[in-house]
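> next input, structure requested:
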Amino acid sequence: MNLAHSARHTYDWSFMNCFNPRHPELPDAGLATKSRCVLSSRRYKTMIADTTVGRVTGFGSHGRHGFSLIELLVVIAVISILISLLLPAVQFARESARRTQCKNNLKQIALAAQNFKATHLHFPPGMDRRHVGPLVRLLPYLELGNQYTFWSDDTKYVYWWLNPKNRPPLAGPPWDRTPIPPRPPDRYGSEGNFSTFTCPSNVTPPSAAETQLMTVTRGVAGRDFTNGLPTDWNLYCGGPGNQIMGGTHYAAVAGDIYFKNGLYRGIFTWEQVVRTIPDGTSNTLMFGEVRGGQVDFGNGQPLKTVPAFGIGGLWLTSGLNDGKNYPDPTEFGSHNFGSPHGDFIHFAFADGSVRPLNYIDMYNHDSFEVLLRLGGTNDNEMTPGDL
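Purely as a prediction, here's the structure:
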């Protein structure tokens, strides 16, 4: 029977199927069922009989079961647009979380410095006679007391990096990775990287640094740094110490020593301990972010670098690292405060608060003296308008 013939006999087919061939002696039941089927057939006039297989089906079962190519392309395009709209929001949320973690790191370091001051009645020196920086002295206050037990202050070594308990003996230049750090000791004093000293947004984590900035010398020997080192000098770690030495994305603020006869000296300078801050703790920089960078030793192999956590205070004299030339090997970014977050740098103030200095380029030019005022402790030039 063809489809057209089947459609014309819809009611007849439905009517006949209402009888029960096994129980013809029940005509009343059959008639009752027959009536229901006739009513059902009248209600659903779109139903047709498929006599070849003995079932009733609807027109919808013979429709297509998939998407056309055009529909599929439209769906893909819509999904791509939604992803492109959502991805920046996701990235922004992630960066916001990283910024928050960075601020928290600085907050913890600032609180550690305040706890140190509460215990010793002064802040740690920005750099002692062996050029040990303040972060080392703050280790016990940052829940890193175990690491501090490995640090050696043996006075027979002029500088901390010459002490074999703090760093393996020098066996090669910074670009030579072949020397193997000798063991024991099981752990050196300057060994290891810690989350508190790591900015999660920085493209050069301390663990990826190929050499570490151990000290900087500015000013006059015997007054601003220990005799025996040249002035205006940056000292980087050679091998195999550069394979184990821990780095940091945060450093203490030394202020400035050149302008106005050292008027803008900061909290952390050589062999000086600060007990009071006449300019006010909320107006004085204490720690800041260090972006790091690359250093070229002239052999055509620029190395990624960050400061070692044993480094002393850094000076504001050479300005801030705005990141415009990063990672230009000619820019020694490891001795400048800088940030990977954008056009601002997080700083911890002496009152423990963490605030950004916005518009980095401005502080390198028109507002450079404002930057120096923020770094000084007793210049008496700080005004609320400067912030």
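> what's the burial count for residue 195?
The tally of other residues near residue 195 (other C-beta atoms under 10 Å) stands at 9. Using the backbone N, CA and C atoms, a C-beta is placed for each residue, glycine as well.
> actually residue 79, not the one I typed
Neighbours around residue 79, by other C-beta under 10 Å: 10.
> check the gap between it and residue 91 for me.
Distance, residue 79 to residue 91, using C-beta to C-beta, to the nearest Å: 18 Å.
> same thing with residue 190?
Counting by C-beta to C-beta, the gap from residue 190 to residue 91 is 35 Å.
> same question, residue 83
12 Å.
> repeat that for residue 320.
For residue 320, the distance to residue 91 (C-beta to C-beta) stands at 25 Å.
> more neighbours, those two?
Taking neighbours as other C-beta under 10 Å, residue 320 and residue 91 compare with residue 320 leading, 22 against 10.
> what's the model's confidence in the strand or helix carrying residue 84, averaged?
For residue 84, the element it lies in under DSSP states H and E is helix 69-120. Mean per-residue pLDDT for helix 69-120: 88.
> so which elements touch it?
helix 134-138, strand 250-255, strand 285-289, strand 344-349, strand 354-358 (3 or more C-beta pairs under 8 Å, 6 or more residues apart in numbering; DSSP states H and E).
> roughly how far out does the second one sit from the chain middle?
What that stands for is strand 250-255. 20 Å (C-alpha atoms, centre = their mean, to the nearest Å).
> for this structure, give me the ranges with low pLDDT.
Within the chain, the ranges that satisfy pLDDT under 70 run 1-66, 92, 324-333, 382-387.
> give me the secondary structure label for the residue most central in space within the chain.
For the chain, residue 200 is the residue whose C-alpha lies nearest the centre (C-alpha atoms, centre = their mean; 1.9 Å). Following DSSP: H, G, I helix; E, B strand; the rest coil, the label given to residue 200 is coil.
> nearest spatial neighbour of it, skipping sequence neighbours?
With C-beta to C-beta, 6 or more residues apart in numbering as the criterion, residue 200 has its nearest non-adjacent residue at 4.3 Å, and that residue is residue 98.
> how close does the nearest residue to residue 197 once chain neighbours are set aside sit to residue 199?
In this structure, residue 197 finds its nearest non-sequential neighbour in residue 248, 3.9 Å apart by C-beta to C-beta, 6+ apart. Using C-beta to C-beta, we find residue 248 at a distance of 9 Å from residue 199.
> touching stretch 84-103 from outside, list them.
Applying C-beta atoms under 8 Å, 6 or more residues apart in numbering, the contact partners of stretch 84-103 are 199, 200, 201, 249, 289, 341, 346, 354.
> and stretch 227-237, by the same measure?
158, 161, 167, 174, 211-221, 225, 242, 245, 295, 303, 305, 308, 332, 334-335.
> distance between the ends of that stretch?
19 Å (C-alpha to C-alpha, to the nearest Å).
> and it, which residues are buried?
For stretch 227-237, the neighbour count (16 or more other C-beta atoms under 10 Å) marks 234, 235, 236, 237 as buried.
> so what's the third one bridging to?
What it means is residue 236. residue 213 (DSSP bridges).
> what about the nearest residue to residue 154 once chain neighbours are set aside, distance to residue 201?
Spatial nearest neighbour of residue 154, excluding adjacent residues (C-beta to C-beta, 6+ apart): residue 163 at 5.6 Å. The gap separating residue 163 from residue 201 is 33 Å, by C-beta to C-beta.
> spell out which residues make up each domain of the chain.
The record's domain parsing of the chain by automatic domain parsing lists 3-62, 89-386.
> gap between the residue nearest to the centre of the chain and residue 168?
Using C-beta to C-beta, we find residue 200 at a distance of 29 Å from residue 168.
> what ranges do the helices span in the stretch 251-387 of the chain?
360-364, 368-375 (DSSP state H, counting those that start in this stretch).
> deepest in the core, which of these is it.
Stretch with highest mean neighbour count among the helices of the stretch 251-387 of the chain: helix 368-375 (a mean of 22; mean count of other C-beta atoms under 10 Å).
> roughly how far is that helix from the heart of the chain?
27 Å.
> ok, residue 352 touching residue 111?
Yes - with contact defined as C-beta atoms under 8 Å, residue 352 reaches residue 111; the gap is 5.8 Å.
> where along the stretch 201-350 of the chain do the strands fall?
211-217, 233-236, 250-255, 285-289, 293-295, 303-307, 314-315, 344-349 (DSSP state E, counting those that start in this stretch).
> who are the packing partners of the longest one?
Applying 3+ C-beta pairs under 8 Å, 6+ apart, one finds that strand 211-217 makes contact with strand 233-236, strand 303-307.
> what's the angle from that strand to strand 303-307?
Counting by axes from the mean of the first three to the mean of the last three C-alpha atoms, to 10 degrees, strand 211-217 lies at 50 degrees to strand 303-307.
> in strand 211-217, which residues are buried?
For strand 211-217, by 16+ other C-beta under 10 Å, it's 211, 212, 213, 214, 215, 216, 217.
> quick check, distance from that strand to the centre of its chain.
For strand 211-217, the distance to the chain centre is 23 Å (C-alpha atoms, centre = their mean).
> stretch 189-200 now?
13 Å.
> stretch 273-283 too?
31 Å.
> how about stretch 300-312?
Distance, centroid of stretch 300-312 to centroid of chain: 19 Å (C-alpha atoms, centre = their mean).
> what's the burial count for residue 156?
Neighbour tally, residue 156, other C-beta under 10 Å: 6.
> against residue 322, how distant is it?
42 Å.
> nearest residue to residue 286 in space, ignoring adjacent ones along the chain?
Per C-beta to C-beta, 6+ apart, closest to residue 286 is residue 350, 4.7 Å.
> please name the residues that touch that neighbour.
Counting by C-beta under 8 Å, 6+ apart, residue 350 makes contact with 110, 267, 277, 281, 282, 284, 285, 286.
> from residue 193, how far off is the last one?
Taking C-beta to C-beta as the measure, residue 286 and residue 193 are separated by 22 Å.
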